[in-house]
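> I would like to see how this sequence folds:
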Amino acid sequence: MSILSFILVHLMIWLIVFFMSLPFGVKVSDKPKKGNANSAPMKTNLKLKFFLSFIISFIPSLFTYWIVSKGLLKKIVTNFTIL
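Model prediction:
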């Protein structure tokens, strides 16, 4: 697996983790300001979620890199037979 492949895999996993983390810790105001939606959050903590999801996504990315570099996926596919 090349560096470019690793970066692309990491970005795909990061996007999934980031979008999963968006609803956590969001508090909705009881009295929204005029012109805002009733469901508008008071504070989203996007910077924290951005960096935490970037760090957390390294674990599955490294696991994917290990599987590809060891050739484990090829062994599983070649040994798989359809009845």
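> just the strands in this protein please.
Remark: no strands are assigned in the chain by DSSP state E.
> Who are the contact partners of Ser39?
Taking Cβ atoms under 8 Å, 6 or more residues apart in numbering, we find Ser39 in contact with Val28. (Glycine included, C-beta is placed from N, CA and C.)
> any idea how far it lies from Lys27?
According to Cβ to Cβ, to the nearest Å, Ser39 and Lys27 sit 11 Å apart.
> Please apply the same query to Phe18.
Computed as Cβ to Cβ, the Phe18 to Lys27 distance reads 19 Å.
> More neighbours: the two, which one.
Phe18 (17 against 9; other Cβ atoms under 10 Å).
> Next one: the residue most central in space within the chain relative to Ser2, how far apart?
Computing the C-alpha centroid of the chain and ranking residues by Cα atoms, centre = their mean puts Val17 first, at 2.2 Å. Applying Cβ to Cβ, the value for Val17 to Ser2 is 22 Å.
> and what of Ala37?
Computed as Cβ to Cβ, the Ala37 to Ser2 distance reads 44 Å.
> go on, Leu22?
Look at Leu22 and Ser2: by Cβ to Cβ, they are 31 Å apart.
> of those two, who's got more company?
More neighbours surround Leu22 than the other of Leu22 and Ser2, with 14 against 7 (other Cβ under 10 Å).
> burial of the nearest residue to that one once chain neighbours are set aside, as a residue count?
Sequence neighbours aside, Lys49 is the residue nearest to Leu22 in space, at 6.7 Å (criterion: Cβ to Cβ, 6 or more residues apart in numbering). Residues lying near Lys49 (other Cβ under 10 Å) number 19.
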